[in-house]
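>>> With the sequence up front, the predicted model follows.
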Amino acid sequence: MAKVAELTSSTGKVFLTVEYDEVNNWVYNCWNGYVSPENIRQGCLAVLEAFQYQESVCILNDNRQLVGRWDDSVEWIEKEWMPRALRAGLLYFAHVANQESFAAASAAQLSSRTHGLFEMCIFGDLQQAQKWLKACQQAGQNHL
């Protein structure tokens with residue numbers, strides 16, 4: 001994978017690493033620690049920028065290392081980020097959450113707001129998310 005961006009908080013801790021997976025043709029995001037609403041906005045914009053430069057329809061969002069809820073950012077993601085991601089070609093969004101964390105509830109809230117504009121699936125396991133994205137890509141190719 002090719003690292004596209006690494007974002008750090010005001011305390012110098014990495015809260016997001018964005019990579020492009022050339023083999024699987026998707027953007028992979030790994031979120032870490034606690035994130036503020038501003039961290040989420042910066043991170044989502046970095047993800048969007050990376051996604052816009054790839055000829056991909058998939059994002060793999062890994063929140064297994066994320067701590068805490070991010071409910072206060074869901075509306076911004078829905079109103080600001082989602083329309084831009086759709087214009088950039090997003091069709092499939094695999095979200096991996098630690099089901100034991102509070103962040104999983106935020107992911108479920110986000111999923112309810114996709115309104116069928118793209119497919120979003122939440123997983124507790126990275127391999128299952130990857131398998132789902134590969135199946136989505138295959139199904140998409142079969143419809144061409």
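Nice, I can see it.
>>> low-confidence ranges in this protein?
By pLDDT under 70, the weakly predicted segments of the chain are 100-105, 141-144.
>>> Do you have the strands of it handy? List them.
For the chain, the strands defined by DSSP state E occupy 2-8, 14-21, 26-33, 58-66, 92-97, 119-123.
>>> Residue nearest the middle of the protein, spatially speaking?
Nearest residue to the geometric centre of the chain (C-alpha atoms, centre = their mean): Asn61, 3.2 Å.
>>> surely it meets Tyr92?
No. Using C-beta atoms under 8 Å, Asn61 makes no contact with Tyr92, being 11.0 Å away. No exception for glycine: its C-beta is placed from N, CA and C like everyone else's.
>>> hmm, back to that, so which of the strands of the chain gets nearest Asp72?
With C-beta to C-beta as the criterion, Asp72 lies closest to strand 58-66 of the strands of the chain, at 14.2 Å.
>>> ok, the residue nearest to Thr8 when sequence neighbours are not counted - contacts?
Nearest residue to Thr8, sequence neighbours excluded (C-beta to C-beta, 6 or more residues apart in numbering): Val14, at 5.4 Å. Shown in contact with Val14 (C-beta atoms under 8 Å, 6 or more residues apart in numbering): Glu6, Leu7, Thr8, Asn32.
>>> follow-up on the earlier one: which residues does the residue nearest to the centre of the chain form beta bridges with?
For Asn61, the beta-bridge partners are Asn29, His95 (DSSP bridges).
>>> what's near enough to touch it?
Applying C-beta under 8 Å, 6+ apart, we find Asn61 in contact with Asn29, Trp31, Val47, Phe93, Ala94, His95, Val96.
>>> rerun that using 10 Å as the cut-off
27-31, 44, 47, 93-97, 107, 110, 120, 122, 129 (C-beta atoms under 10 Å, 6 or more residues apart in numbering).
>>> again, but for Asn25
Counting by C-beta under 10 Å, 6+ apart, Asn25 makes contact with Gln54, Glu55, Ser56, Val57, Cys58, Leu133, Lys134, Gln137.
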